[in-house]
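A.B. asks: Based on what follows, work out the 3D shape:
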Amino acid sequence: MQPVTTIAGRAVPFGAANVDTDVIIPARFLKAITRHGLGKGAFAAIRENPDNIFDQPENKGAPILIAGDNFGCGSSREHAPWALMDMGFRVVIGPTFADIFSGNSFKNGLLLVQLPQAAVDRLMQVAAEGLPITVDLDSQTVTTPYQDRFEFPIDPFRKHCLLNGLDEIGLTEQVAHEVASYEDRLLIERPWIAGAAQR
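C.D. replies: This is a model prediction of the structure:
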């Protein structure tokens, strides 16, 4: 997983509330056997309009998405953060996020920044002007060229994992020596388990 430290650049001022995972990535795009390419189907219904915000040239490659309240509600599909990341987003800023979407995003390295509605509204204004926004995970701040500075909360464990690019596999690899020691001890204490494994 790629570490998340400071993400700076253009933000897409989407702002819609109650956007569910079927809007983020419709079910008809879930037939792929890899997460790569899911961004092509992201927000498909919205992108049917040629003037949609996502396909405007100035928003191509934007690393930040500004969302509305209850973003990511609906089904538990992990494809939603995959699709967002495949579009190039590294951070989603919003007032609230659905719980399962929040967990899936964290596990895949997509930073969700929760801010009060007034702060989100201000960032929407800045983004609409085309000015860059900076999200610094280490200091837990979002800043703008207008000297706006908003602090956001994050669980310390999630912060540690995101800063260090640690997914569940990475966390396990950090204690690989302890796992190996346990398995060695198990061979001595319960040799019948080793015999069953060798069969």
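
A.B. asks: so where's this structure shaky on pLDDT?
C.D. replies: Residues of the chain that meet the criterion pLDDT under 70 lie in 194-199.

A.B. asks: show me where it has strands.
C.D. replies: For the chain, the strands defined by DSSP state E cover 6-9, 11-13, 64-66, 91-94, 111-114, 133-136, 141-143, 149-151.

A.B. asks: Give me the helices and strands touching the longest helix belonging to the chain, please.
C.D. replies: Assignment by DSSP state H gives helix 176-189 as the longest helix of the chain. Applying 3 or more CB pairs under 8 Å, 6 or more residues apart in numbering; DSSP states H and E, one finds that helix 176-189 contacts helix 191-198. The C-beta positions use only the backbone N, C-alpha and C, and glycine is treated the same way.

A.B. asks: tell me the domain ranges of this structure?
C.D. replies: 6-166, 167-199 (automatic domain parsing).

A.B. asks: Highest mean neighbour count out of the ones you listed?
C.D. replies: Highest mean neighbour count among the domains of the chain (mean count of other CB atoms under 10 Å): domain 6-166, with a mean of 17.

A.B. asks: Contacts only, for Gln2.
C.D. replies: When contacts are counted by CB atoms under 8 Å, 6 or more residues apart in numbering, Gln2 touches Gly109, Gly165.

A.B. asks: nearest residue to the most centrally placed residue in the chain other than its sequence neighbours?
C.D. replies: Centre of the chain computed as the mean C-alpha position; nearest residue by CA atoms, centre = their mean is Leu110, 1.8 Å away. Once flanking residues are discounted, Leu110 sits nearest to Pro81: 4.5 Å by CB to CB, 6 or more residues apart in numbering.

A.B. asks: How about Ser75?
C.D. replies: Per CB to CB, 6+ apart, closest to Ser75 is Thr21, 5.0 Å.

A.B. asks: Hmm, the one you found is touching Pro81, no?
C.D. replies: No. Counting by CB atoms under 8 Å, Thr21 sits too far from Pro81 to count as a contact (9.3 Å).

A.B. asks: Residues in contact with both of the two, list them for me.
C.D. replies: Shared contacts of Thr21 and Pro81, defined by CB under 8 Å, 6+ apart, are found at Phe101.

A.B. asks: residue ranges of the helices in the protein, please?
C.D. replies: 21-24, 44-47, 79-87, 99-108, 117-128, 156-164, 168-173, 176-189, 191-198.
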